[in-house]
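*Asks:* Sequence first, then the predicted structure:
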Amino acid sequence: MTHTEIEAFFAICRHKSISGAAADLYITQSSLSTRLKTLEDALGCPLLIRGKGKRDITLTAQGQAFYDLALQYRDILQKMSSVGRSTLSEKLRVSAINSVGNYLLPPVLDRFIEKYPHIPLTVQDMEAENACISIIRGQTDMAFSTAKVQNDQIVATPFLNDPFTLICSADAPYSDNVTIEQLSVWDEVYIKWSADYEFWHQSAFGSHYMPQISLELMGQIELFVSKTGKWALVPRSIAARVCRDGSVRQCTPAFSVPDRSIYILRHRDNTDTPTIKLFMDTAHEVFEEIGQPGLLL
């Protein structure tokens, strides 16, 4: 059994449903069911009662016994992690999703290294689920994510609201104030910025919408958007960097796109260490200088 499987079990106990637990962990219900089955197979017994017509999931006798032991396991793990935090408090380990790490944080990281050369800095690239596991294990101090993860160990603090704008190739036939009707859907370079953004996109363009290019590697945005006629919806923090050399230009969308919200994920027992405070002060300083809008914290 693994820590991930145990945390999946805790989530199901907390929500008393597969759907609620899957939403909390930002994974699919089938993935969560697979983790539970793997755990039950390793233990050789069922942990949950899933009766037909029953709305809530309940524990079997073995499930209750395992739950009590898992609480002890979590307590021991937290104590072990706190040892690492107390002895290594003068280092900082920052995790970020790819787009934030590549486009938003670099000037902050650069300034932090310049101001505090004596503090060892580790920068990690992680999605929300892996970042939370790493924080719980004491391997990451803070993580930047678009997923607002809140549970009994992780606290999410609003960090930044980043408005969207539209970028396109320099020769794209779009006016400075472009409407949805003017956009060629085939020419979009699509990026799934967050679950909220994906929901908005499906509402605005239709659930069966299929662009020619969908990206997961943020470093390739400029390469593909600069192609003839291409366009993309991106946060302003990214547009400012992509439009620097003239091959890509920026337009104002004449339609409403919800801002991209970025959160800081931290352990509930480790939210305000001296090094985290120094990093956040540096972020405020840098963003104020460059005019980055939407800083919340």
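*Replies:* Nice, I can see it. Please read all numbers here as calculations on a predicted model, not as lab measurements. Numbering: from 1, shown residues only.

*Asks:* next helix or strand past the biggest helix by length in the chain?
*Replies:* For the chain, the longest helix by residue count, based on DSSP state H, is helix 61-87. Next along the chain after helix 61-87, taking DSSP states H and E as the criterion, comes strand 92-96.

*Asks:* What pairs with that next one, parallel or antiparallel?
*Replies:* With DSSP bridges as the test, strand 92-96 is paired with strand 121-125 (parallel), strand 142-145 (parallel).

*Asks:* quick revisit: give me the packing partners of the longest helix of the chain, helices and strands only.
*Replies:* Here helix 61-87 touches helix 3-15, helix 128-136, going by 3 or more Cβ pairs under 8 Å, 6 or more residues apart in numbering; DSSP states H and E. Any C-beta I mention is one placed from the backbone N, CA and C, and that applies to glycine too.

*Asks:* about what we covered before: can you tell which of the strands paired with strand 92-96 is closest to Asn270?
*Replies:* Nearest to Asn270 among the strands paired with strand 92-96 is strand 142-145; the distance by Cβ to Cβ comes to 8.6 Å.

*Asks:* Just the mean pLDDT for the closest one, thanks.
*Replies:* The pLDDT scores in strand 142-145 average 95.

*Asks:* Relative to the whole chain's centre, how far out is it?
*Replies:* Distance of strand 142-145 from its chain centroid, counting by Cα atoms, centre = their mean, to the nearest Å, is 7 Å.

*Asks:* Can I get it in CSV? Just the C-alpha atoms.
*Replies:* In CSV, the C-alpha atoms belonging to strand 142-145 read as follows (Å, rounded to 0.1, in the frame of the first residue of the first chain):
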residue,chain,number,x,y,z
MET,A,142,4.9,25.9,-0.6
ALA,A,143,3.2,25.2,-3.9
PHE,A,144,1.6,27.5,-6.5
SER,A,145,-1.5,25.9,-8.2
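
*Asks:* Go through that strand and flag the buried ones.
*Replies:* Within strand 142-145, the residues scored as buried using 16 or more other Cβ atoms under 10 Å are Met142, Ala143, Phe144, Ser145.

*Asks:* same thing with stretch 135-152?
*Replies:* Neighbour-count burial for stretch 135-152, counted by 16+ other Cβ under 10 Å, picks out 135-136, 138, 140-149, 151.

*Asks:* low pLDDT regions in this protein?
*Replies:* Applying pLDDT under 70 to the chain picks out residues 51-55, 81-89, 291-297.

*Asks:* Kindly export stretch 165-179 (C-alpha atoms) in CSV.
*Replies:* Taking C-alpha atoms only, stretch 165-179 is exported to CSV below (Å, rounded to 0.1, in the frame of the first residue of the first chain):
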residue,chain,number,x,y,z
THR,A,165,-6.3,38.2,-22.8
LEU,A,166,-6.1,37.1,-26.5
ILE,A,167,-2.8,36.7,-28.4
CYS,A,168,-2.4,35.8,-32.0
SER,A,169,0.1,35.7,-34.8
ALA,A,170,1.2,39.1,-36.1
ASP,A,171,-0.7,38.4,-39.4
ALA,A,172,-3.9,37.0,-37.9
PRO,A,173,-7.0,38.8,-39.2
TYR,A,174,-8.3,39.9,-35.9
SER,A,175,-9.1,43.4,-34.7
ASP,A,176,-7.9,44.9,-31.4
ASN,A,177,-11.3,44.1,-29.9
VAL,A,178,-12.1,40.6,-31.1
THR,A,179,-15.4,38.9,-30.6
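
*Asks:* in that stretch, what counts as buried?
*Replies:* For stretch 165-179, by 16+ other Cβ under 10 Å, it's Thr165, Leu166, Ile167, Cys168, Ser169, Ala172, Tyr174, Val178.

*Asks:* Paired strands for the helix or strand containing the second one, with orientation please.
*Replies:* With the criterion set as DSSP H and E, the secondary-structure element containing Leu166 is strand 164-169. Using DSSP bridges, strand 164-169 pairs in its sheet with strand 231-235 (antiparallel), strand 248-253 (antiparallel).
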